[in-house]
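1. Sequence plus the predicted model coming up.
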Amino acid sequence: MGKGRRYGKYSETKRTVPRDWERITLRQAIGADTEFIRRLSQKVFHVYGPYEEMLPRWFESGITVTILASTEKKPVGFAMLGRPSEGWHFDLTGELLAIAVEPESHNMGIGDLLMEEIITRAEKLHTEKLILHTAPENHSAKKLFQKHGFVLWKVKKEFYPEGQDALLMKRSRP
């Protein structure tokens, strides 16, 4: 079966991955993961601003729920859930602050696993809505977010520290 094909009585999804790919596990990030979060943030978000400084600071502050994806050998991605900051009047709105996967680990389903876990954690926190910001040109991220029920809410001009626009997307709890 090819990647993402349906099979079986209940239309389960089967993913084909390379034979040497280790099992992916998800866990709550710990202090020792800060350097990985910093390094991956710099690698994938550098064009938008100093996220290698901001994201570890948010993680260390304790205001986020941060999930780490790893193989048996090393971390390969993370996702960070927080509450919106000043100006929001929705007490039950959570925000996906970041999701990142090592470039060499793309197309392995890691982003899907992280999104599913963030949505589960948000539901456990009794959020009614999840929001996120993404760059208009980040087509793979937009596709992932749409797959998980996010829709475009509005465009925010010059949102990122480097001046780029952002798409504000939302997902209401079913």
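-> Cool, the structure landed. Numbers count the residues shown, from 1 in each chain.
2. alpha carbons only for contacts and neighbour counts from here, please
-> Will do.
3. Show me what the helix or strand where residue 97 lies is packed up against.
-> Assigned by DSSP states H and E, residue 97 belongs to strand 93-101. Here strand 93-101 touches helix 34-45, strand 75-82, helix 110-124, strand 129-134, going by 3 or more C-alpha pairs under 8 Å, 6 or more residues apart in numbering; DSSP states H and E.
4. Could you name the stretch from these that's closest to residue 99?
-> Residue 99 lies closest, by C-alpha to C-alpha, to one member of the helices and strands packed on strand 93-101: strand 75-82, at 4.2 Å.
5. in its sheet, what does the closest one sit against?
-> Paired with strand 75-82 in the same sheet, following DSSP bridges, are strand 64-70 (antiparallel), strand 93-101 (antiparallel).
6. now what about stretch 125-136, what contacts it?
-> 92-97, 122, 141-142, 150, 164-173 (C-alpha atoms under 8 Å, 6 or more residues apart in numbering).
7. Tell me where the chain is predicted with low confidence.
-> Where the chain drops to pLDDT under 70, the residues are 1-22, 83-91, 174.
8. Can you tell me the centre-most residue of the chain?
-> Nearest to the geometric centre of the chain sits residue 99, at 2.6 Å (C-alpha atoms, centre = their mean).
9. how far away is that one from residue 116?
-> Look at residue 99 and residue 116: by C-alpha to C-alpha, to the nearest Å, they are 12 Å apart.
10. Tell me the buried residues within the contacts of stretch 125-136.
-> 93-97, 122, 141-142, 150, 165-171 (16 or more other C-alpha atoms under 10 Å).
11. Farthest-apart pair in these, please.
-> The largest separation in the buried ones among the contacts of stretch 125-136, counting by C-alpha to C-alpha, is between 122 and 165 at 25.9 Å.
12. residues near residue 44, how many?
-> By other C-alpha atoms under 10 Å, the residues close to residue 44 number 16.
13. export the strands paired with strand 75-82 to CSV and tack on distance to residue 78?
-> Formatted as CSV, these follow (distance: least, C-alpha to C-alpha, whole Å):
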stretch, distance to residue 78
strand 64-70, 4
strand 93-101, 6
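14. Between those, which one is closest to residue 49.
-> Of the strands paired with strand 75-82, nearest to residue 49 by C-alpha to C-alpha is strand 93-101, at 13.0 Å.
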